[in-house]
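S.K.: fold the following, please.
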Amino acid sequence: MAGDAGFRGFPLWGVRFYDELRTTNTKELWSQHKAEWERAVRDPMRALVESLEDEFGPATVFRPNRDIRFSPDKSPYKTYQGAIAGPAAGIGYYVQLDADGLLVGGGFHTHSAEQTGRFRAAIAAGPTGAQLERITGSLVDQGYSLEGAALKTRPKGVEADHPRLELLRRKELMALRRLGTPAWLESKEALDRVRAEWSVLRPLVDWVSEHVGPAADGPRPGRR
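M.R.: This is a model prediction of the structure:
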């Protein structure tokens with residue numbers, strides 16, 4: 001297991017900074033606070049996921065800049081710092097710091113229609129679909145919400161009375177839980193808390209890894 005000596009917690013400065021960035025998303029504000037952001041947000045996030053890589057897979061710490069080329073929103077910076085660890089791009093365990101504190105999750109964000117097709121085929125199949133239903137039901141009971149892009153209607157060829165219709169509507173699936181700003185956020189305990197949450201999410205990530213898998217031409221994991 002990678003050592004956790006470098007992680008000391010997330011200073012609440014980062015939470016306050018993202019709250020300000022939500023209303024003043026400018027290069028001027030970012031430049032003014034960049035050095036503190038590196039110390040209080042970027043470096044702790046890197047240390048956190050590096051400490052968990054041996055257990056949960058290669059980690060990606062996302063860049064702070066938004067891709068605004070095709071977006072009507074020209075705000076230059078993301079209002080959160082996210083990272084993902086797992087076996088393939090878009091599949092695995094997620095952690096995020098923003099103005100509302102810490103958020104954790106797991107599952108997959110689709111990179112192709114092929115992935116969504118495999119996902120729905122596994123849900124439609126009796127044993128694997130029932131297994132996912134049990135996994136997601138347990139996560140919801142434990143306080144997670146199921147998120148991800150979904151159809152408003154049912155997929156083509158799926159009967160209106162299919163027992164797993166709500167899952168079949170989904171193009172992707174992530175289970176998320178917001179932890180907020182508890183006292184332990186600023187301490188080493190945050191590492192143990194994220195590890196525990198990700199362990200709860202392991203059955204979902206394992207199911208996705210087995211039955212969905214990576215996109216054939218998708219990006220590979222790595223810091224970006």
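
S.K.: what about Leu29, which SS state?
M.R.: Put simply, Leu29 is helix when judged by DSSP: H, G, I helix; E, B strand; the rest coil.

S.K.: count of residues packed around the closest residue in space to Arg154 that isn't next to it in sequence?
M.R.: Spatial nearest neighbour of Arg154, chain neighbours left out: Leu165 (5.9 Å); criterion: CB to CB, 6 or more residues apart in numbering. (Each C-beta comes from the backbone N, C-alpha and C, glycine too.) Close neighbours of Leu165, defined as other CB atoms under 10 Å, add up to 14.

S.K.: equivalent analysis for Leu151, please.
M.R.: Neighbour tally, Leu151, other CB under 10 Å: 12.

S.K.: which residues does the nearest residue to it once chain neighbours are set aside contact?
M.R.: The shortest distance from Leu151 to any non-neighbouring residue, by CB to CB, 6+ apart, is to Arg169 (4.7 Å). By CB atoms under 8 Å, 6 or more residues apart in numbering, the residues touching Arg169 are 150-155.

S.K.: and the most centrally placed residue in the chain, how far is that from Gly129?
M.R.: Nearest residue to the geometric centre of the chain (CA atoms, centre = their mean): Tyr94, 3.0 Å. As defined by CB to CB, to the nearest Å, Tyr94 lies at a distance of 24 Å from Gly129.

S.K.: average pLDDT for stretch 40-50?
M.R.: Computed over stretch 40-50, the mean pLDDT rounds to 98.

S.K.: pull it out as CSV, backbone CA atoms only.
M.R.: Taking Å, rounded to 0.1, in the frame of the first residue of the first chain, the C-alpha atoms of stretch 40-50 are listed here in CSV:
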residue,chain,number,x,y,z
ALA,A,40,-4.7,23.7,0.1
VAL,A,41,-6.5,21.8,-2.7
ARG,A,42,-4.4,20.3,-5.5
ASP,A,43,-1.6,18.9,-3.4
PRO,A,44,-3.9,17.3,-0.7
MET,A,45,-6.0,15.8,-3.5
ARG,A,46,-2.9,14.3,-5.1
ALA,A,47,-1.7,13.0,-1.8
LEU,A,48,-5.1,11.4,-1.0
VAL,A,49,-5.5,9.5,-4.2
GLU,A,50,-1.8,8.4,-4.4
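
S.K.: mind listing what's buried along it?
M.R.: By neighbour count on 16 or more other CB atoms under 10 Å, the buried set for stretch 40-50 is 40-42, 44-50.

S.K.: swap in stretch 103-110?
M.R.: 103-110.

S.K.: same thing with stretch 24-44?
M.R.: 25, 29-30, 33, 37, 40-42, 44.

S.K.: brilliant, that's me finished.
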